[in-house]
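give me a model of this one.
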Amino acid sequence: MKRADISKVVGGISTRHIQEAAYDLADIKVENCKKKTRYKAVAAAVLAFCFLAAGLRIYVVSQDAGIKAYAYGTDDEITKAGAVLQTGTISNDGEMKGCPLMFYLTGKGIESVRFSCKNQQLQFRDWTQKRDEFGLSQNFTVPYGEQEDDYGYLTIDWEPNDTIEALMENEQGTIQDLPQALREDLIVLQVTFINKKTAVKAISISLLNDGTFFAKLTDYQISDADTFVNRTDALSLRELSQIKQAEIEKEESEKSAQDKKKEKKTQADSIVSAAMEAAKAYYAETVIEVVSMDVINIEIPSNETPSNETLTTKKPDQKKAKITFSVCASIDGIIQEPNRTITLKQKQGMWEVVKEGY
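Numbering: from 1, shown residues only. A predicted model of the protein is given here:
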């Protein structure tokens, strides 16, 4: 506690009483022990009163957070007495005109404010573009910082979308027919100051029968019933954008992998088809008739694109594509057992038989 604060507190006590107590302690000699005790008690009482008064003053100062809220657009202060907002209305059929409540805060040395909306949703926008913004959410924390000139550009937009939807869906209903949760809302503000002190405020909002809104700002004490304050903070628009971008990139990567796999399969199918035609052409020059043919081994060099056109341009010393078939064959209509095998290798764009038999 500062010296000046003590002086002010002491200054509120009668000077005569202080002088009398000091005089009694300094100059009066008492012989009776009871008298000494009595005078000490008087002095202790005076000092206790001084410090009690000082303590009360400290408590009051610490509780006076100096936080004020103003309606954006009109700059009307939202006070503890409350006022009808002039920024927006809702009709019985759910048509909204203007903005029911967009507000900003002022104060000294605000480090951060955590906003918790009980029934509806909030949006946060920083017109200085220094902070992350939040889309429709119910709980989030906004860093304020030492630049108090920024505070007026940090706007909180209260969005009564559930109320509007209820009015639009019930064509025969009116505002008076709405349940309490759609006509009232509470925004709790948990304020942390740069000096690490804290304060809790709340803006209560009511929808009046004529479609206007009434709001007031008061000190608030969070109770066990305020479970909405314990919700997890929402992600900022930047974080959501990053997650969305990561999902897009993942989808594109998976699609690219699938496309490559499909392309590779298509190219492999093309190779098998070309090699099979070459094998059949080989057997056509013999007495062997091909009944069926299955691939049992295929080798496609990873450093080559498996296409005839590309393979013709590769250097002779590079590994070539190679494929082996199992052939069910017949001679003069008699199925031969076991199956024969035939291996072909690609050379200069052409398939050549390099091995055939059992």
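
can you mark which positions in stretch 159-173 are buried?
For stretch 159-173, a neighbour-count test (16 or more other C-beta atoms under 10 Å) marks 159-160, 163-164, 166-167 as buried. For every residue, glycine as well, the C-beta is placed using N, CA and C.

ditto for stretch 85-97
Buried residues in stretch 85-97, counted by 16+ other C-beta under 10 Å: 85, 87-90, 92, 94, 96.

inside strands: which ones of these?
88-90, 96 (DSSP state E).

rewinding a little: what's the farthest-apart pair in the buried residues of stretch 85-97?
Across those, no pair lies farther apart than Thr87 and Asn92, at 19.4 Å, counting by C-beta to C-beta.

ok so, going back, in JSON lines, list the buried residues of stretch 159-173 along with pLDDT.
Formatted as JSON lines, the buried residues of stretch 159-173 follow (pLDDT from 0 to 100):
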{"residue": "Glu159", "pLDDT": "96"}
{"residue": "Pro160", "pLDDT": "97"}
{"residue": "Thr163", "pLDDT": "97"}
{"residue": "Ile164", "pLDDT": "96"}
{"residue": "Ala166", "pLDDT": "95"}
{"residue": "Leu167", "pLDDT": "95"}
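
what is the nearest of the residues you listed to Gly349?
Nearest to Gly349 out of the buried residues of stretch 159-173 is Glu159 (C-beta to C-beta; 67.4 Å).

quick one, what contacts the closest one?
120-123, 136 (C-beta atoms under 8 Å, 6 or more residues apart in numbering).

Leu136 versus that one, what's the distance?
In this view, Glu159 and Leu136 are 6 Å apart by C-beta to C-beta, to the nearest Å.

any residues in contact with both of these two?
Each of 121-123 lies in contact with both Glu159 and Leu136 under the rule C-beta under 8 Å, 6+ apart.

ok, and the most crowded of the residues you listed?
Leu122 (23 neighbours; other C-beta atoms under 10 Å).

in the protein, which residue is most central in space?
Residue closest to the average C-alpha location in the chain (C-alpha atoms, centre = their mean): Leu235, at 0.7 Å.

run a quick neighbour tally on the nearest residue to that residue once chain neighbours are set aside.
Using C-beta to C-beta, 6 or more residues apart in numbering and skipping residues adjacent in sequence, the residue nearest Leu235 is Ile243, 7.3 Å away. Using other C-beta under 10 Å, the number of residues around Ile243 comes to 11.

confirm Ile243 sits in a helix?
Yes: using DSSP: H, G, I helix; E, B strand; the rest coil, the assignment for Ile243 is a helix.

quick revisit: closest to Val191 out of the buried residues of stretch 85-97?
Leu85 (22.1 Å).

confirm for me that the closest one is in contact with Ala71.
Yes: using C-beta atoms under 8 Å, Leu85 is in contact with Ala71, at 5.9 Å.

any shared contact partners between those two?
Joint contacts of Leu85 and Ala71 (C-beta under 8 Å, 6+ apart) are 101, 215.

quick one on the thing from earlier: isn't the residue nearest to Leu235 up against Ser236?
No: taking contacts as C-beta under 8 Å, Ile243 lies outside contact range of Ser236: 10.6 Å.

can I get the shared contacts of Glu159 and Leu136 in CSV with distance to Leu208, pLDDT and secondary structure?
Shown next, in CSV, are the shared contacts of Glu159 and Leu136 (distance: C-beta to C-beta, whole Å; pLDDT from 0 to 100; DSSP: H, G, I helix; E, B strand; the rest coil):
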residue, distance to Leu208, pLDDT, secondary structure
Gln121, 21, 98, strand
Leu122, 21, 98, strand
Gln123, 23, 98, strand
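
for those, which one is nearest Val291?
Gln121 (71.4 Å).

so the closest one bridges to which residues?
Glu159 (DSSP bridges).

return the residues in contact with it.
136-138, 158-159, 161.

with that, I have no additional questions.
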